[in-house]
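Peer 1: turn this into a structure:
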Amino acid sequence: MGEYSKIELALLEKFTEAIDNLIESKTYSETDKDKMMFASCVNEEEKNDFTKSEIKKMQKKLAKCSTDIAGYLTCYINPSSLDLGGESIYDYRKRLVRNFLSGEINDVLDVLKLKFKTLKSIEEIYFSYWEEIIEDGEYGIDNKFMNHFIKYMALAERLNTFKSLLKYQNEETKSEETNEIYDLLDTIRTKDHTDLQLYDIVKERTQLNKDALQYLYKDIEVYLFGEKDDFECKYSEDETEQAIEDLKAKGHSEDDLIMLGYIRKSKAFNVATNDMDLDFTYINKEKIFFPLEFFPIYQLQGLINAELSKIKEKEELLNPDIKITPKLKTDLSVPQLSLLFKMINDLKPTIFNTKSDAELFRFISANFQTKKSTEKGISTQKLRNEFNNPDLKAIEFWEKHLHTMLSNIRKLK
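Peer 2: Down below sits the predicted model:
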């Protein structure tokens, strides 16, 4: 096929986004199980052994892929800096998906461009439509081969995650005795510090330089990830379930536990049905077993965010032409806000004139602030997860309020 027309490029982009989302959904469906298995390890050695074992299993599974997609998997698993070309690994994956599709759906594009005569007609189609025709094999799409590609790309994504985890574990082991920042954070956790003392620590370490503050904040996030995981490993699944039963025995309903942050209900991807119909309950072990363990570290993060906000305000005063509009504060939770935009985004014809869901996620992150979101905004990855996996409480919330809104709008007639 020669050079693509604008219609064909738009169709190719829609299919690329759909395939990329399906890969991410399949990957996400395994994430919580991986976290649970990793958390069940009793020590660092067992974590290391588990990680290596999972990597070997995935390597064996990947060996069964079709030779037609082996090249794409190889590029994704072992990309060079030249391959990445400055892109994030997620943008790189999307580029691989686009390259794969450009060699597989040319005949499909020939059929679809007869159906879609304008770019507007393509944009007006709800996003999940493209996923549906891939999964159903419409318009001549080889859905069996497409699903094969999605399955193994998701497996490659999971392998990359475990490889990164193994690398992190090895580096952490090597630097365990010499990591000055982690030693400092350990001290902050174990000794009482006033806000002034914490401020002095931040000032000494960063000189209140914007870049240094951001790097310190990132170091703290990595530290928290590893340390919280170590704490969670101490509590077995039986102990965790018993703790929930004890809370219920004290009079807490399931709704209370959700509202207080002890548990979260959601839907996960069901491999057996190939749909988001698997009930999943996430239990917040930190909230149950060690709610105050990392409180001083959270205080430290709050101070860093406060200093970054001051810097941002000064930049806006010095550069009024690029002053950023304050984010709209909302009492909606991220799952509720995400579901609201998802319902609007799924309307047909389309309401939002966006090139992709990612563009919508960036808009929400840049313009809305929930009670729990940081100065950096709502995580676009969290928004993507909520779009693909709506929270049950958020569904119930909007089910109730949409009835009220419908009743109110009828009164306006």
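
Peer 1: quick one: low-confidence ranges for the stretch 51-200 of the chain?
Peer 2: 81, 86, 168-178 (pLDDT under 70).

Peer 1: show me where it has its helices.
Peer 2: Per DSSP state H, counting those that start in this stretch, the stretch 51-200 of the chain carries helices over the ranges 67-77, 81-84, 89-102, 106-115, 119-123, 128-136, 143-175, 180-190, 195-206.

Peer 1: kindly reformat those as JSON lines containing mean neighbour count and distance to residue 44.
Peer 2: To be clear about C-beta, it is placed using only N, CA and C from the backbone, and glycine gets the same treatment. Compiled in JSON lines, the helices of the stretch 51-200 of the chain are given as follows (neighbours: other CB atoms under 10 Å; distance: least, CB to CB, whole Å):
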{"stretch": "helix 67-77", "mean neighbour count": "15", "distance to residue 44": "25"}
{"stretch": "helix 81-84", "mean neighbour count": "10", "distance to residue 44": "30"}
{"stretch": "helix 89-102", "mean neighbour count": "18", "distance to residue 44": "26"}
{"stretch": "helix 106-115", "mean neighbour count": "15", "distance to residue 44": "49"}
{"stretch": "helix 119-123", "mean neighbour count": "15", "distance to residue 44": "50"}
{"stretch": "helix 128-136", "mean neighbour count": "16", "distance to residue 44": "40"}
{"stretch": "helix 143-175", "mean neighbour count": "17", "distance to residue 44": "7"}
{"stretch": "helix 180-190", "mean neighbour count": "14", "distance to residue 44": "14"}
{"stretch": "helix 195-206", "mean neighbour count": "14", "distance to residue 44": "27"}
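
Peer 1: residue 46 and residue 239: what is the separation?
Peer 2: 18 Å (CB to CB, to the nearest Å).

Peer 1: brain fart, residue 138
Peer 2: 49 Å.

Peer 1: quick one, what contacts residue 362?
Peer 2: residue 380 (CB atoms under 8 Å, 6 or more residues apart in numbering).

Peer 1: and residue 80, by the same measure?
Peer 2: With contacts defined as CB under 8 Å, 6+ apart, residue 80 has no neighbours.

Peer 1: break this protein into its domains for me.
Peer 2: For the chain, automatic domain parsing gives the domain ranges 6-172, 179-321, 325-411.

Peer 1: how distant is stretch 143-153 from the center of its chain?
Peer 2: Here stretch 143-153 is found 22 Å from its chain centre; the criterion is CA atoms, centre = their mean, to the nearest Å.

Peer 1: then stretch 144-159?
Peer 2: Relative to the centre of its chain, stretch 144-159 is centred 18 Å away, using CA atoms, centre = their mean.

Peer 1: when you give positions from now on, start the count at 221
Peer 2: All set: I'll call the first residue 221, so the last point we hit is now stretch 364-379.

Peer 1: contacts for it, please.
Peer 2: For stretch 364-379, contacts defined as CB under 8 Å, 6+ apart pick out 239, 242-244, 246-247, 250, 254, 275, 278-279, 281-282, 285-286, 288-289, 292-293, 296-297, 313, 316-317, 320, 324, 354-355, 357.

Peer 1: any chance you could map the strands in the stretch 421-570 of the chain?
Peer 2: For the stretch 421-570 of the chain, strands defined by DSSP state E, counting those that start in this stretch occupy the ranges 483-490, 495-503, 548-549.

Peer 1: need the per-residue pLDDT for residue 602.
Peer 2: At residue 602, the pLDDT value in this model is 79.

Peer 1: please give the element, helix or strand, for it.
Peer 2: In this assignment (DSSP states H and E), residue 602 forms part of helix 600-608.

Peer 1: give the other helices and strands that that helix contacts.
Peer 2: helix 226-259, helix 554-565, helix 577-587 (3 or more CB pairs under 8 Å, 6 or more residues apart in numbering; DSSP states H and E).

Peer 1: if we can go back for a sec, least confident of the strands of the stretch 421-570 of the chain, on average?
Peer 2: Note on the strands of the stretch 421-570 of the chain: lowest mean pLDDT is at strand 483-490, with a mean of 70.

Peer 1: coming back round to it: in a markdown table: the helices and strands packed on helix 600-608, plus mean pLDDT and distance to residue 373.
Peer 2: Shown next, in a markdown table, are the helices and strands packed on helix 600-608 (pLDDT from 0 to 100; distance: least, CB to CB, whole Å):
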| stretch | mean pLDDT | distance to residue 373 |
| --- | --- | --- |
| helix 226-259 | 82 | 5 |
| helix 554-565 | 90 | 24 |
| helix 577-587 | 82 | 18 |
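
Peer 1: which of the ones you listed sits closest to residue 450?
Peer 2: helix 226-259 (9.4 Å; CB to CB).

Peer 1: excluding sequence neighbours, find me the nearest residue to residue 422.
Peer 2: Nearest residue to residue 422, sequence neighbours excluded (CB to CB, 6 or more residues apart in numbering): residue 523, at 5.5 Å.

Peer 1: equivalent analysis for residue 297, please.
Peer 2: residue 376 (5.3 Å).
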